[in-house]
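[1] When you get a sec, could you give me coordinates for this:
(chains A, B and C)
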Amino acid sequence: MLERPFITLTTDYGLKDSFNGIMKGVILGINSNAKIIDITHNIERHNIYEASQIIGMSYKYFPSATIHIAVVDPGVGGERRPILVITEDHYFIGPDNGIFSPIYEKEFNNFFKVLHITSSHYFLPMTGATFHGRDIFAPVAAWLSKGVDSLKFGEQIFDYIKITLPKPSLSGDNIIHGEVVSLDHYGNAITNITTDTLSQLAPIDSKHKFKIMCRDQHLSFVNYYAAVKDQALSATINGFGHLELFVNQDNAAQIFNIKIGDLISVMLEN
Amino acid sequence: MLERPFITLTTDYGLKDSFNGIMKGVILGINSNAKIIDITHNIERHNIYEASQIIGMSYKYFPSATIHIAVVDPGVGGERRPILVITEDHYFIGPDNGIFSPIYEKEFNNFFKVLHITSSHYFLPMTGATFHGRDIFAPVAAWLSKGVDSLKFGEQIFDYIKITLPKPSLSGDNIIHGEVVSLDHYGNAITNITTDTLSQLAPIDSKHKFKIMCRDQHLSFVNYYAAVKDQALSATINGFGHLELFVNQDNAAQIFNIKIGDLISVMLEN
Amino acid sequence: MLERPFITLTTDYGLKDSFNGIMKGVILGINSNAKIIDITHNIERHNIYEASQIIGMSYKYFPSATIHIAVVDPGVGGERRPILVITEDHYFIGPDNGIFSPIYEKEFNNFFKVLHITSSHYFLPMTGATFHGRDIFAPVAAWLSKGVDSLKFGEQIFDYIKITLPKPSLSGDNIIHGEVVSLDHYGNAITNITTDTLSQLAPIDSKHKFKIMCRDQHLSFVNYYAAVKDQALSATINGFGHLELFVNQDNAAQIFNIKIGDLISVMLEN
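    Reported below is the predicted structural model:
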């Protein structure tokens, strides 16, 4: 059987308890060749949206056939379904609560399938109903990593839960309207405006100047952080192709009190 | 020689310094095939009891022959002994300060042995006396993981240190008296009352109703977190078979100021 | 080709975002046999000095031919060069901003070389200029770990950036003057005075007594933490051979408001 050794973990378990360590123990007990990579365990508690952003921007950087487990799961033990999402190049395992919504958008093609995980003989014998990361998601990922046919884990469903991800829009007067979708560890504010969005206005080159507005402020647009020599709120294209607001060597979110959902607009300068 | 590749780490080293990274470097320098899993490095400084709870609830989820290193070690460099605990299915390496007390209770059978680690030719040449995680515990675990006979590391002792772990009791009037033994990252309060304890009162089924009391409050007892629709302090059986107090989607410990040692009682409802 | 499977990571990325997870994904996509060890991701933001101390005290504990990636990189995307430092036993990859300064001191011999990494065919196709950890350092380390000749990554340079690391000095009146160079997670204060420095005064044995002064206080000098029975600021030789100030079972830095740069002097007692 074809092994798929790589398994990533994204959870809100934190790093104080043994929850993520136990998941790794369960995986390695089933497949001692599994290679487990932590994406993060510091998702804000129950913040499904934050987890979906993290997974959506990260999964493509992992090897083909990587299995991504995501556990931000306020509904654990209740009626929400455990699911396995199969895409052309990756697998995703977690609760059916919208956590994989960016995947539903980016990977919706002929390879795409969502299964309700029902094959409980792959589960751990269950004590209590609080730790499906250990009892369902970890063992299913481990068996999948050993090469078990992905279709054996359950039945295809079409009514999986999607959360609405804010989209940038281009208004008739040629203004792009976007918003802040995440804040990173440095206080940089990542928007949903991408290079693709910007190129609807004009090619991103030295001939065209973009005017970026946030709270009636005009932000300078530079190629890298250190190109700004003062503490001004500025903008750049980040490593994921998104327009990002930053303060060079300081915390933009704190200094300018930027929140997720804050509006950003971009137009061409005259 | 039979390899035992899995080694876990539980420490109060935190994640700011390079202490746990260095331990991994030392292990891999001796056994490049070792597979090291972090349980946690965020045990509260010098909190031997907290570490013992974490290890006691986690070790069984790791593969057979896993070696568990635990370093919460206020007496490092002094007279406290380094020990190797051998059980039917696992090994434990750390200071003799009571950190493995739950193992002494759960694994006390014919396979059980505690060795004072004295074979110093397995140690790193020592500089200073502050980092036995690197100089003693990591190299001993690495050599053990390569298949060295466990009895070669020292001599059996019987006067190893135990810390007293609070036990639930069943009083004559059929009331279970237990207490909170740990608080997790979410603010859930885990008690020492298990399904085994509860079944001394009555089978855990839909026919019997348990009345759970904490600070003169009567807590509802449900099967999973989201079954509670308000902010009430409630109880469930958690994934480790323990009675756990929680607030659905909120921090029970903070809201209700729950502390380790808080008393819980359970009786049958009339 | 000779594989060099071990790669360590030291960054200021924190543990909230997916930055370090993505670097691991990139490395494993190039070399699925790579074994990646986190040293820390909690370097204070942009604190190149702190990172240099962590790397300088840690690298020797990793196996021969380990590749150490360090990313604390305020100048990312600008003119600062990416570099590969080749020493007798280890490799170092990161920005040319002084982060490897302790290596320049300790490993300056016939094997020592610093290369400006210019072979961009080893890089990831670049989007934005904010994430060279993913786009340059991770893939270069991964290709090096697969056995690519280290000299293929760029050209040797001699004008690499060094930061000044404070050195202890021995004054004419036989007083050692040193300072605090780092504070660990426990609040212990590590000085730049080593056993080598002390032995310039006298052999470190029971016949000679060192008088250690910090802020006009005379500190007792002991062999291990628990030898001090009160809350006094005290000194010991730590596991790295450095004089370290501590309070037994408490946080010396907090209690005595110790800062990096605080002066320490040592003389022989009469």
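[2] Okay, and A:Leu15 sits in which element?
    Using DSSP states H and E, A:Leu15 sits in no helix or strand.
[3] does it really touch A:Thr40, like I thought?
    No: judged on CB atoms under 8 Å, A:Leu15 makes no contact with A:Thr40 at a distance of 9.6 Å. For glycine as for every other residue, the C-beta is placed from the backbone atoms N, C-alpha and C.
[4] what about those two, which has more around it?
    Using other CB atoms under 10 Å in any protein chain shown, the more surrounded residue of A:Leu15 and A:Thr40 is A:Thr40, with 26 against 19.
[5] Phi first, then psi, for the more buried one.
    The phi/psi pair for A:Thr40 (degrees, to the nearest 10) reads phi -160, psi 150.
[6] hmm, back to that, what is in contact with A:Leu15 and A:Thr40 at once?
    C:Leu15 (CB atoms under 8 Å, 6 or more residues apart in numbering or on different chains).
[7] Flag every residue of chain A that's near chain B.
    A:13-19, A:21-22, A:24-26, A:28-29, A:32, A:45-46, A:74-78, A:126-131, A:134-135 (CB under 8 Å from any CB of the partner chain).
[8] List only buried entries from those residues.
    A:13-19, A:21-22, A:24-26, A:28-29, A:45-46, A:74-77, A:127-131, A:134-135 (16 or more other CB atoms under 10 Å in any protein chain shown).
[9] In helices only, show me these.
    A:Phe19, A:Gly21, A:Ile22, A:Lys24, A:Gly25, A:Val26, A:Leu28, A:Gly29 (DSSP state H).
[10] Helices along chain A, start to end?
    Counting by DSSP H, the helices of chain A are A:19-30, A:48-58, A:101-106, A:132, A:138-145, A:195-198, A:252-255.
[11] between these, which gets nearest to A:Ala189?
    helix A:252-255 (5.8 Å; CB to CB).
[12] which parts of that closest one are buried?
    Quick answer for helix A:252-255 (16+ other CB under 10 Å): A:Ala252, A:Ala253.
[13] residues touching the closest residue in space to A:Gly98 that isn't next to it in sequence, list them.
    In space, and not counting its chain neighbours, A:Gly98 is closest to A:Ile163: 3.5 Å by CB to CB, 6 or more residues apart in numbering or on different chains. Residues counted as contacts of A:Ile163 (CB under 8 Å, 6+ apart) are A:Ile48, A:Tyr49, A:Ser52, A:Gly98, A:Ser101.
[14] Of those residues - the most surrounded one?
    Ranking the contacts of A:Ile163 using other CB under 10 Å puts A:Ser52 first, with 26 neighbours.
[15] my read: that one touches A:Thr164, true?
    No: counting by CB under 8 Å, A:Ser52 sits too far from A:Thr164 to count as a contact (10.7 Å).
[16] Let's have the helices of chain A in TSV, adding mean pLDDT and distance to chain C.
    Shown next, in TSV, are those (pLDDT from 0 to 100; distance: least, CB to the nearest CB, whole Å):
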stretch	mean pLDDT	distance to chain C
helix A:19-30	98	12
helix A:48-58	97	4
helix A:101-106	97	13
helix A:132	96	22
helix A:138-145	98	13
helix A:195-198	95	7
helix A:252-255	97	12
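[17] of those, which approaches B:Val85 most closely?
    Closest among the helices of chain A, using CB to CB: helix A:19-30, at 17.8 Å.
[18] Does anything pack onto the closest one? Which helices or strands?
    strand A:6-11, strand A:35-40, helix A:138-145, strand B:6-11, strand B:35-40, helix B:48-58 (3 or more CB pairs under 8 Å, 6 or more residues apart in numbering or on different chains; DSSP states H and E).
[19] No further queries at this time; thank you.
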